Structures are given as C-alpha cells and as structure tokens.
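In: fold the following for me, if possible:
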Amino acid sequence: MRHLFKSLALVSVGLIAGVAATIQFSATAQQGTTTLPLDELRTLSNVFSQIKREYVEPIEDKQLLTDAVKGMVSSLDPHSSYLDKKDFSEMQEQTAGKFAGLGIEITSEDGLVKVLNPIEDSPAARAGLQAGDLITRLDDKPVRGMSLDKAVRTMRGKPGTKITLTIFRKSEERSFPVTITRAEIKVQSIKTKIVDQDIAWVRITSFQERTVPDLAKKLSEIAEKNPNLKGVILDLRNNGGGLLQGAVGVAAAFLPANSVIVSTKGQAPDSTQIFNATPSMYRLSEAGDPLASVPPLFKKVPMVVLVNAFSASASEIVAGALQDYKRATIIGKTTFGKGSVQTVRPLSNDSALKITTAYYYTPKGRSIQAFGIKPDIAVDQNKEGDPDDVLITREIDSEKHLRNKQSSEEKLILDRQKRRIEELQRIEEKNANKTPEEREKDKSKKPVELGGPDDFMLQQAVAFIDGKEVQRSASKLE
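Out: Sure, this is the predicted structure:
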C-alpha cells in the first residue's frame, strides 16, 4: 500500500498557479475503456487542419496539440493542469522546497496574475509584495491575454537577474512598478519561537516532503528547553497548502494515534481513502515513524490554530481535523475554501497530469469546499479592523470552482458580491479624499510581519491561552 501514498506532488509555492493538497496514487495514468466521441474528435481534427493551413503564421504540431491539451485540462477547475517537461521539473523542485524565482504563490484573476502569498524571506516579500496584489505587466509586456504558464516562465530566470512587475493594489486603488532580483528560493516550512515566556509559536509556511520530520525535531527541542510549556500556537496563516501527507502528519502530531484526519471521495476507486494518524499515512522518504520523537505533552497542551483567508487546502485539512476533535481553538478569519485533492499522474518520463480527483472531508464528514473553515473565534489581523478583507478572492469567487455538494452557495455568493461592491465604493471615496501626505503614507505602509511584535492576531491567541479577554472581529464576514 505504501506506493499509494508516496508523492511527487505539487506544493503551491513559487511561481506555480493555485493552492493544493496533492497526492499521487499510482505511477501511471489508469487506462480506461471510455468510448471516444467521434464527432467531436472530427471537429478537433478539422480545427487542427484549418489552423495548419490558414493561420497567419506557421505553428508546430507539438505546440498546437500541447496547448489543446492544456486548454482541455485547465477548463475543468482552477486546480487541474497539464504539466509539460518544464512544469513537471519545477513541480518536483518545489516539492523539495528549493527552486529559483521570485518567491510568490500566484493564481489568475480577471485575466491578470494575482499574488496569493509572497513567501517569507523571499525577494518578493522583501520588495513589499502583498497577498491580493494584481500583476498587470511583466517588464514591458502586458499580462492580460498572457497564459498563466507563460507568465510563470517570464517571471522565472537565473538568480541575480531582474524583472520589473507593475502592481495594482486594490486596497489603495493605485498601480506602481516593483523591480525584483530573482534568487534561489529555499523554503523553510517550519519556524518556531517562544512567546509570552512559555507559549510555543509554531509557524508552517507550506507542507513539503520535510515538513513532518522537521516539525518533530522542532517540537522536541521546544519541550526540552521549556518543560513547563503552557500552550502552543500553530500558525497556518498564508499557508497555501502542499502535500496531503504533510497535513496528515502535522495533525497527527497533536492528536491520538489512529485518529481519522481526513477522508477523500471521488469517481475513481483509488480516490476514496481514509487517512489516519498512523506512520504509513504520513511518512514519505523516512523509515519508521517521523513523529516518534514528539513528546506526549503536545497531545494535551492547550492549543490555538491561527488561520486567515490565505490558509488553503492542506492547511484547512489540519485546521478542520483539530477543530472537529476540539483539540484546538481556531482563531482568525474564514479560510480559503479549497476542499479538493489533486493527483499527479505521470504521463511520460517528463510530463504529467495534475487532475482534481476527489473532495476531501473533515473527520466529522464536513466538506469545506467553497465555504472554508470558520474560526471558533473571529479575530482581525489589525487592531483597527480589516475592512479590506471582503476584497480578498477566495475559492468561492472563482467562476470555475467545484460546487459544494453538501450546502447551497448562492446566499454566500450574493452576500460577498454585495459587500465587495460596497467596499470598492467606500475605498474609492476614501482615496478620492486623501491628502498627498496620506497617499505617501499608504505607499510606505508595510503588511504585518507574522510572528512580529505588531502581530495583533498572534497577540489575541496568546491572550486566549493566558485566559484573558480576546478582541473579537466586528466584521459580518470573517
């Protein structure tokens, strides 16, 4: 069974589209007996021939057919894609947590490239890019009309080379250029420190091959240095996902052995699985149990999980499991709402199909697709509130997103559309009345450093563990 869980999966970091919880069930694509639709295939053949004969410029057969395949797969949902040789190679680099680029997670929105999250300590983060920024130009080339794959490749390059991005920031209603120097990105998925003297802050930036063993090592070090630990804060904010096995292992570190972490259900027989807190379900390249060294105190010490709208997929699996078992209190904002699993099916030695194969469900059977994980306590990122949160695009806002099979989405969609229009009008009016000094102040404003001294949401998590009053969000939409 072990080969079912060994992953070559996409981690949604760097210059690759989407947020992911990804696994690989088999080494090759399954061969089916599906009858091919002959009339539609004739149409495809006729279109291909017509393009070859009459298009203004010659196009290579391989490029034309590759683009046709990419278009067919990308039309399914926001997270399925065809990976050619370059894409497949980049995916494998990212899964290992090392690649070259700018250090941003991206997706598409309204024909533009949207920043989902700048990776911490990356060139993009140091340049001041923020989640939600829209990239409108790459050097002198407009992004609109450019495929996401081409945008990815344009932003990639040798370390030390530069690229200028034109950014449109919705919350400030302004465009501005940012020149970024490409670099080799080495993602450290686990960051820890002690806050308030005896509370552990454990931040996971993405779920990679090394996440589970690295977490075990960090937790052991924390327990050794702090035997009287009062609580732990697991920070999953801005974590766009990654390997499903990594999510299972992280949840298993804090839950009893054999606990159900997540289940998956899809059309293919091998897409229906139950993932438990057992080593065979979360180890990848390690022998034995990578969590064997985790001290027992982490199964019972008071726990908070911090999430926001950019916590997606694998992050939502962890938060959902800990919430269902009442092992942790979820604090923050409603998560992104990506409740589907992508399987990487190699098609050849250098190409693969990343295809959505299943919905995933929390231990209590909840599908969070489109809705996300709602926090037990809604808390803003900023002390003054987060009025711009409604402008953040989540899974439910994507036109091609998979529908939640358990609940109707219509009311939530209408509410979000109404709030978005109201907030855009408010921001436009506010910006129109700003003084030149206020505009300059906006330009120099930096996003909150997660885990830093001004991290208001973290401060509220500490207050909760200390038994103090928590300042809850007044927003109607978390």
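In: which residues of the stretch 201-350 of the chain fall in helices?
Out: 211-225, 244-252, 279-282, 314-324 (DSSP state H, counting those that start in this stretch).
In: show me what contacts the nearest residue to Glu109 once chain neighbours are set aside?
Out: Leaving aside its sequence neighbours, Glu109 sits nearest to Thr393 (Cβ to Cβ, 6 or more residues apart in numbering; 5.8 Å). (Each C-beta comes from the backbone N, C-alpha and C, glycine too.) By Cβ atoms under 8 Å, 6 or more residues apart in numbering, the contact set of Thr393 is 109, 114, 132.
In: note down every partner strand of whichever strand or helix holds Thr357 and its orientation.
Out: Using DSSP states H and E, the element containing Thr357 is strand 351-361. Strand pairing for strand 351-361, using DSSP bridges, gives strand 81-83 (antiparallel), strand 260-265 (antiparallel), strand 340-348 (antiparallel).
In: re earlier: turn the helices of the stretch 201-350 of the chain into CSV, columns for distance to Ile331.
Out: Shown next, in CSV, are the helices of the stretch 201-350 of the chain (distance: least, Cβ to Cβ, whole Å):
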stretch, distance to Ile331
helix 211-225, 20
helix 244-252, 17
helix 279-282, 25
helix 314-324, 10
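In: now mean neighbour count, distance to His401 and mean pLDDT too, for the ones you listed, in TSV please.
Out: Below are the helices of the stretch 201-350 of the chain laid out as TSV (neighbours: other Cβ atoms under 10 Å; distance: least, Cβ to Cβ, whole Å; pLDDT from 0 to 100):
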stretch	mean neighbour count	distance to His401	mean pLDDT
helix 211-225	19	26	97
helix 244-252	29	19	96
helix 279-282	20	28	96
helix 314-324	28	14	98
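In: could you list the domains of the chain?
Out: Domain ranges of the chain: 102-186, 190-339+362-465, per automatic domain parsing.
In: so where's the longest helix in the protein?
Out: helix 410-432 (DSSP state H).
In: let's see the pLDDT reported for the spatially most central residue of the chain.
Out: Nearest to the geometric centre of the chain sits Gly240, at 1.7 Å (Cα atoms, centre = their mean). The model reports Gly240 with a pLDDT of 88.
In: residue ranges with poor pLDDT in the stretch 51-200 of the chain?
Out: Scanning the stretch 51-200 of the chain for pLDDT under 70 picks out 93-99.
In: can you show me the helices along it?
Out: 61-74, 85-95, 123-126, 148-155.
In: looking at those helices, which is closest to Ile465?
Out: helix 123-126 (28.0 Å; Cβ to Cβ).
In: contacts for the longest helix of the chain next, please.
Out: With Cβ under 8 Å, 6+ apart, helix 410-432 has contacts from 170-174, 370-371, 387-388, 390-391, 396-397, 476-477.
In: identify the farthest-apart pair in those residues.
Out: When the contacts of helix 410-432 are compared pair by pair using Cβ to Cβ, the maximum separation belongs to Arg174 and Phe371, at 32.3 Å.
In: between the two, which is the more surrounded one?
Out: Phe371 (20 against 13; other Cβ atoms under 10 Å).
In: which ones are touching that one?
Out: So Phe371 contacts 334, 337, 396, 404, 407, 409, 412 (Cβ under 8 Å, 6+ apart).
In: so the fifth one is in which element?
Out: Counting by DSSP H and E, Ser407 is held by no secondary-structure element, helix or strand.
In: now the fourth one
Out: Following DSSP H and E, there is no helix or strand that holds Asn404.
In: quick check: bridge partners of Ile204?
Out: Those that pair with Ile204 in a beta bridge, by DSSP bridges, are Ile190.
In: and the gap between it and Ile465?
Out: Per Cβ to Cβ, to the nearest Å, Ile204 is found 18 Å from Ile465.
In: looking at these two, which is more packed in?
Out: Comparing Ile204 with Ile465 by other Cβ under 10 Å, the one with more neighbours is Ile204, at 25 against 20.
In: test my guess that Asn238 contacts Val448.
Out: No: at 10.6 Å, Asn238 and Val448 do not qualify as touching, with contact defined as Cβ atoms under 8 Å.
In: neighbour-wise, which of these two wins?
Out: Asn238 (24 against 14).
In: just list the residues touching that one, thanks.
Out: So Asn238 contacts 117, 131, 205, 308, 310-311, 450 (Cβ under 8 Å, 6+ apart).
In: show the backbone phi and psi for it.
Out: As for Asn238, its main-chain torsions (degrees, to the nearest 10) stand at phi 60, psi 20.
In: nearest spatial neighbour of Asp454, skipping sequence neighbours?
Out: In space, Asp454 is closest to Val448, 6.0 Å off (Cβ to Cβ, 6+ apart).
In: again, but for Gln323
Out: Ile330 (5.2 Å).
In: can you put the helices of the stretch 51-200 of the chain in JSON lines and add distance to Ala251 and mean neighbour count?
Out: Below are the helices of the stretch 51-200 of the chain laid out as JSON lines (distance: least, Cβ to Cβ, whole Å; neighbours: other Cβ atoms under 10 Å):
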{"stretch": "helix 61-74", "distance to Ala251": "30", "mean neighbour count": "13"}
{"stretch": "helix 85-95", "distance to Ala251": "20", "mean neighbour count": "19"}
{"stretch": "helix 123-126", "distance to Ala251": "27", "mean neighbour count": "20"}
{"stretch": "helix 148-155", "distance to Ala251": "31", "mean neighbour count": "18"}
